[in-house]
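Chemist: Need coordinates for the below:
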Amino acid sequence: MPNLRPSLATNTGGIASPNPFWLASAPPANSGRQIQRAFEAGWGGAVWKTLGVPIQNVSSRFGGHTIHGVRGAGFTNIELITDRSLEVNLREITETKRLFPKNPIIVSLMVETESQWREIIAQSIDAGADGLELNFGCPHGMCERGMGSAVGQEPAVNERITGWAVKYSTVPVLVKLTPNVSNIVPHGLAAKRGGAHGVSLINTIKSIVSVDIDRFVPEPRVATKSTNGGYCGSAVKPIALHMVASLAREKDFGLPISGIGGVSNWRDAVEFILLGSSTVQVCTEVMLRGYGVVEDMIDGLEEYMRTHGFTSIAQMVGKAIPNFSEWGDLDLNYETVAKIDADKCIGCQLCVAACHDGAHQCIHPQENTRVPRIDESECVGCNLCQIVCPVTNCIEMVQVSNGHAPASWNDFATQGAPLRPKKGAH
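Modeler: So this is what the prediction gives:
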């Protein structure tokens with residue numbers, strides 16, 4: 001039987017897309033010509049940079065965080081919504097939709113009053129919007145004006161404004177949630193109560209990316225001052241994955257999710273999809289490398305689906321959610337130890353230093369060999385040695401049998417289930 005090519009077509013809250021890769025509402029989706037070039041490159045959809053009452057932006061407005069020599073591993077901005085006129089944006093939406101009828105255009109919106117929401121929603125739909133995204137997440141500038149994260153942090157306000165949008169819209173409405181909250185679930189549920197067809201998350205994280213230590217001014221610097229910005233890029237992916245998964249596993253939620261936050265390659269996209277996203281939005285990676293990054297994302301996703309037996313995105317969505325549990329449900333009797341492949345070891349001793357100073361003092365140097373020795377009686381399987389090892393698959397965490405039946409903390413607390421003896425009594 002022939003190996004059929006998997007379908008990348010997907011649907012988020014009623015917004016159909018030829019593939020799950022969307023431009024996020026940001027500078028790469030600032031104009032019609034930009035989005036047209038993105039669609040030509042292979043992007044499935046685009047969320048237009050937020051429309052509202054045009055503002056005046058500042059200069060400078062971007063900042064980068066370098067992590068171990070990787071420039072832009074973290075990224076911040078103090079840019080606000082569109083600074084281009086509403087008339088121009090609407091005209092370009094119409095033109096782009098005419099040229100690319102199969103690629104969804106989702107228009108991001110942010111205004112204040114109910115009458116403003118009604119008017120701009122009608123204008124966006126008349127221009128050709130396939131969906132709307134309500135920007136309840138911007139952590140700077142707009143929140144001081146009672147919009148952005150000022151809405152996203154208040155479930156009652158979120159619900160009320162979402163209700164306005166749904167009432168006045170004839171196309172699907174997504175709510176973009178802010179991560180600047182302690183628990184994302186109440187905010188997703190508020191969007192659902194307001195009638196949203198789906199949510200997108202995360203927006204950027206309130207942050208200060210760095211400080212000019214000679215001028216004593218945070219970055220990015222505007223004359224002699226700066227302010228907090230929105231943090232994004234690869235560094236925020238773990239936070240975004242957690243928030244996406246928290247909503248996806250919430251039994252009372254059940255809305256489609258467009259995942260955002262640190263997607264830089266096909267593997268990142270797969271992780272978001274497995275944790276509940278039906279589409280993923282990308283901003284920073286495009287800003288750093290251009291629209292062409294989507295080609296590898298598409299190829300990688302197709303190959304992953306083929307090798308794992310998936311024929312559709314829908315089959316993948318939320319596949320990992322059943323295995324996302326609370327700590328109290330984890331098996332405390334499951335045990336692993338580190339094993340070093342002597343043929344691959346280069347003798348750098350990084351695992352020795354990390355284990356002795358940062359973990360459980362179970363890896364020791366040996367005379368007459370570059371390969372360290374692991375004292376398995378003391379190894380707790382913490383993974384630190386594997387994390388610091390520069391050689392792929394040189395250190396593996398191997399399960400060992402200890403004769404104890406699986407038991408979690410909850411089992412121990414409620415049933416008195418026996419737990420294996422602790423290591424580290426040295």
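
Chemist: contacting residues around Q36?
Modeler: Q36 sits next to T96, L99, F100 when contact means C-beta atoms under 8 Å, 6 or more residues apart in numbering. Where you see a C-beta, it was placed from the backbone N, CA and C, and this is true even at glycine.

Chemist: Would you mind checking those residues for buried ones?
Modeler: With burial judged by 16 or more other C-beta atoms under 10 Å, the buried subset of these is T96, F100.

Chemist: How about the backbone phi and psi for the residue nearest to D341 when sequence neighbours are not counted?
Modeler: Of all residues not flanking D341 in the chain, C394 sits nearest, at 5.2 Å (C-beta to C-beta, 6 or more residues apart in numbering). Dihedral pair for C394: phi -70, psi -40, per degrees, to the nearest 10.

Chemist: worst-scoring helix or strand of the protein, pLDDT-wise?
Modeler: helix 149-152 (a mean of 68; mean pLDDT, DSSP states H and E).

Chemist: tell me which residues of the lengthiest helix in the chain are tucked away?
Modeler: The residue-count maximum for a helix in the chain (DSSP state H) belongs to helix 293-308. Of the residues in helix 293-308, V293, V294, M297, I298, G300, L301, E302, Y304, M305 count as buried by neighbour count, 16+ other C-beta under 10 Å.

Chemist: With distance to D126 and pLDDT added, can I get those in a markdown table?
Modeler: Shown next, in a markdown table, are the buried residues of helix 293-308 (distance: C-beta to C-beta, whole Å; pLDDT from 0 to 100):
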| residue | distance to D126 | pLDDT |
| --- | --- | --- |
| V293 | 33 | 98 |
| V294 | 29 | 98 |
| M297 | 32 | 98 |
| I298 | 32 | 98 |
| G300 | 38 | 98 |
| L301 | 34 | 98 |
| E302 | 36 | 98 |
| Y304 | 40 | 98 |
| M305 | 37 | 98 |
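
Chemist: Nearest to C362, out of those: which one, please.
Modeler: Of all these, C362 sits closest to Y304, with 35.7 Å by C-beta to C-beta.

Chemist: ok, the closest one to G261 distance?
Modeler: Separation of Y304 from G261 (C-beta to C-beta, to the nearest Å) stands at 20 Å.

Chemist: go on, A320?
Modeler: For A320 relative to G261 (C-beta to C-beta), the value is 16 Å.

Chemist: Repeat that for G69.
Modeler: Using C-beta to C-beta, one gets 23 Å for the distance from G69 to G261.

Chemist: likewise G318?
Modeler: With distances taken as C-beta to C-beta, G318 is found 17 Å from G261.

Chemist: go on, M287?
Modeler: For M287, the distance to G261 - C-beta to C-beta - is 14 Å.

Chemist: Tell me the secondary structure of A338, please.
Modeler: strand (DSSP: H, G, I helix; E, B strand; the rest coil).

Chemist: Domain parsing of the chain, as residue ranges.
Modeler: 10-323, 328-415 (automatic domain parsing).

Chemist: Which one's more surrounded, G69 and G261?
Modeler: G261 (32 against 6; other C-beta atoms under 10 Å).

Chemist: what sits against that one?
Modeler: Counting by C-beta under 8 Å, 6+ apart, G261 has contacts P179, L201, I202, C232, V236, K237, I239, A240, L241.

Chemist: What residues sit buried inside stretch 398-411?
Modeler: H404, A407, S408, W409, D411.

Chemist: Same check on stretch 236-247?
Modeler: Buried residues in stretch 236-247 (16+ other C-beta under 10 Å): V236, K237, A240, L241, M243, V244, A245, S246, L247.

Chemist: One more: stretch 311-321?
Modeler: I313, M316, V317, G318, A320.

Chemist: Go through those residues and say which is closest to W48.
Modeler: Closest to W48, out of all of the buried residues of stretch 311-321 and judged by C-beta to C-beta, is I313, at 23.0 Å.

Chemist: wouldn't that closest one be in contact with F21 here?
Modeler: No. In this structure, I313 is not within contact of F21 by C-beta atoms under 8 Å, at 10.9 Å.

Chemist: residues in contact with F75?
Modeler: F62, G63, G64, H65, V209, Y231, C232, G233, T284, M287, L288.

Chemist: which non-adjacent residue is nearest the residue most central in space within the chain?
Modeler: Nearest to the geometric centre of the chain sits G261, at 2.8 Å (C-alpha atoms, centre = their mean). Nearest non-adjacent residue to G261, counting by C-beta to C-beta, 6+ apart: A240, 2.6 Å away.

Chemist: Where does the one you found sit: helix, strand or coil?
Modeler: A240 - assigned by three-state DSSP - is helix.

Chemist: I'd like the buried residues of stretch 236-247 as JSON lines, with pLDDT and secondary structure appended.
Modeler: What follows is the buried residues of stretch 236-247, written out as JSON lines (pLDDT from 0 to 100; DSSP: H, G, I helix; E, B strand; the rest coil):
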{"residue": "V236", "pLDDT": "94", "secondary structure": "helix"}
{"residue": "K237", "pLDDT": "95", "secondary structure": "helix"}
{"residue": "A240", "pLDDT": "97", "secondary structure": "helix"}
{"residue": "L241", "pLDDT": "98", "secondary structure": "helix"}
{"residue": "M243", "pLDDT": "97", "secondary structure": "helix"}
{"residue": "V244", "pLDDT": "98", "secondary structure": "helix"}
{"residue": "A245", "pLDDT": "98", "secondary structure": "helix"}
{"residue": "S246", "pLDDT": "98", "secondary structure": "helix"}
{"residue": "L247", "pLDDT": "98", "secondary structure": "helix"}
